[in-house]
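Trainee: Quick one: sequence plus predicted model below, questions after.
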Amino acid sequence: MNQLIGSTSPFSEENRNTLRKIAALLIPKSEEFKVPGADDDAVFTHFIKLASGQTNSINKYLEDLNQICRNDHGDSFLKLQNDEQISLLNNSESLLELLLSYVSLAYYQDPRILSTLSLKSSPPFPGGYNVEQGDWSLLDPVKKRDPFYRKV
């Protein structure tokens, strides 16, 4: 049973919605390249799984962010305009540093994104990548030089 049940989610509904909005701000949907944003259901679900080890820290940062929003703007993060949200995130470096790695990892592991980038969604082995053969004689000067390390 790999799927999280709603009641067992490590994030409150407000925090999940805030995380989804932050993910969309970090990596928005692109009509030009026909790729989803990081708030896409599949990408976001994968992000939640990847970030599950940091739920306490993420929840703490999100509580702090929403408290700042309520104090300074009188409303939650989700009710603010995009430019206000971006400004607040720019001042929340610790939160961004924590989330950016998980959001980008989840995003660039999605098969739709990899196919857009002309990459396989499988590991490069056992098939490997074809590498064009080069001129091995270019290594001759390196092979001929004296060792520059100490022999024991």
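Mentor: Arrived safely, thanks for sending. Nothing here was measured: the structure is a model prediction, and the numbers come from that model.

Trainee: Scan this structure for its longest helix.
Mentor: Determined from DSSP state H, the single longest helix within the chain is helix 55-73.

Trainee: which residue packs closest to the residue sitting nearest the centre point of the chain, ignoring adjacent ones?
Mentor: Among the residues of the chain, Ser104 comes closest to the average C-alpha position under C-alpha atoms, centre = their mean, at 1.8 Å. Using C-beta to C-beta, 6 or more residues apart in numbering and skipping residues adjacent in sequence, the residue nearest Ser104 is Ile27, 7.1 Å away. Placement of C-beta: from N, CA and C, glycine included.

Trainee: And Pro111, by the same measure?
Mentor: The shortest distance from Pro111 to any non-neighbouring residue, by C-beta to C-beta, 6+ apart, is to Ser121 (4.1 Å).

Trainee: List the residues that contact the one you found.
Mentor: For Ser121, the contacting residues are 111, 114-115, by C-beta atoms under 8 Å, 6 or more residues apart in numbering.

Trainee: So which of the residues you listed wins on neighbours?
Mentor: Compared across the contacts of Ser121, Leu114 has the highest neighbour count, 14 neighbours, by other C-beta atoms under 10 Å.

Trainee: So it sits against Lys120, correct?
Mentor: Yes. Using C-beta atoms under 8 Å, Leu114 makes contact with Lys120 at a distance of 6.9 Å.

Trainee: Give me the distance between the residue nearest to Pro111 and Val103.
Mentor: 18 Å (C-beta to C-beta, to the nearest Å).

Trainee: how about the residue nearest to Pro111, secondary structure?
Mentor: coil (DSSP: H, G, I helix; E, B strand; the rest coil).

Trainee: what pLDDT does it get?
Mentor: The pLDDT attached to Ser121 in the predicted structure is 80.

Trainee: what's the answer for Pro10, then?
Mentor: The predicted structure scores Pro10 at 86 on the pLDDT scale.
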